[in-house]
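# A predicted structure for the sequence below; I have some questions about it.
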Amino acid sequence: MPHVVASALGRISAAPGANVRRIWSEAFRTVRAETERRAAPLSPEDQIVQSMADASPAKWHRAHTTWFFETFLLKPHAQGYREFDERFGFLFNSYYVAAGPRHARPERGLVTRPNVEEVAAYRAHVDAAVDRLIESADQATLEKVVPIIEIGLHHEQQHQELILMDAKHLLSLNPLKPAYRPYAPSAAAAATPLAWRDFEGGLVEVGHDGEGFAFDNEGPRHRVWLEPFALASRPTNCGEYLAFIEDGGYRRPEFWLSAGWDCVNQRGWTAPLYWEHDGASWRVFTRAAAPGHRAWRRGVSRWYPRKP
């Protein structure tokens, strides 16, 4: 799995006799290939459309992650690197203010050109240049570029998640309800009984402990006080959440924090995103066993019976 590859790179690279160039080259290729694998079920038309301001087209994700490596790795460190297209910096920068001006996020779906084929060529151009840099860099340069490659891989993995999230939202708005890709239905497994696990709380440490990769917002490690709390032994499933809906969960304010209750009323929520009622029964536009959206969790966690 790419996530495992990237998270282990620091320890692998430090191992005696490790072929650092080969390790990083393989990791780079693995993560980049995973992006293409996730985009492959989407048609060129799918990859252009932006379903809302908070989402981005798959084509943009593919280009933006490529722009990251071109801007922060190749242009400063690869001698003789030829920029693929100087206009792409404006189109595919996201929020890196120091890297220059950028196209407005809500308008990314209006960028029909460059097309999907040109973005694929952009990725191939940058991938080849990164391979050459890893292979040919002297030791001093390699030590400078390895941290950039590592954060770039983690950054790309974030966008791999966004590709799936944004594609799901896009396809859910299509009246035909197309599938992201074909899958074989399987028999529903019986849910294990839900139990509550108690935790004492107290003074605990949170944040990155200094071992392995971390983003800057994961530190510094510090102490916080936790009151006693309990967690369920497994996620809530759709059947249990349906019981919450039928028990008036979206009409009863005692199950919501004030901000959540305001949102329920302002937006007219009666069910989670991707849940639809056809007049006779509920349907969920997802293959997951449980609806994985943060808003509904706030309500159901207060509703679900704590203990006999």
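Everything's here; your move.

# avg pLDDT for stretch 31-51?
For stretch 31-51, the mean pLDDT works out to 97.

# mind listing what's buried in it?
Across stretch 31-51, burial judged by 16 or more other Cβ atoms under 10 Å covers 31-32, 34-35, 38-39, 42, 46-51. C-beta: built from backbone N, CA, C; applies to glycine.

# looking at it, residue 114 is touching residue 123, isn't it?
No: with contact defined as Cβ atoms under 8 Å, residue 114 does not count as touching residue 123 (11.4 Å).

# Just the ones of the buried residues of stretch 31-51 in helices?
31-32, 34-35, 38-39 (DSSP state H).

# Might you list the low-confidence residue ranges for the stretch 1-150 of the chain?
1-18 (pLDDT under 70).

# that older thread, residues shared between the contacts of residue 114 and residue 123?
Taking Cβ atoms under 8 Å, 6 or more residues apart in numbering as the criterion, residue 114 and residue 123 both touch residue 63.

# Need the pLDDT of the residue lying closest to residue 208 once chain neighbours are set aside.
The shortest distance from residue 208 to any non-neighbouring residue, by Cβ to Cβ, 6 or more residues apart in numbering, is to residue 214 (3.7 Å). Reported pLDDT at residue 214 in the predicted model: 87.

# Tally up the residues packed near residue 214, please.
Residue crowding around residue 214 was assessed by other Cβ atoms under 10 Å; the count is 14.

# Please tell me I have it right and it contacts residue 220.
No: using Cβ under 8 Å, residue 214 is not in contact with residue 220, being 10.2 Å away.

# Overlap of the contact sets of those two?
Jointly contacting residue 214 and residue 220 under the rule Cβ under 8 Å, 6+ apart are residue 208.

# thinking again about what came up before, dump the buried residues of stretch 31-51 into a markdown table; add distance to residue 284 as well.
As requested, those are exported to a markdown table (distance: Cβ to Cβ, whole Å):
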| residue | distance to residue 284 |
| --- | --- |
| 31 | 31 |
| 32 | 32 |
| 34 | 26 |
| 35 | 27 |
| 38 | 21 |
| 39 | 24 |
| 42 | 21 |
| 46 | 21 |
| 47 | 25 |
| 48 | 27 |
| 49 | 22 |
| 50 | 24 |
| 51 | 18 |
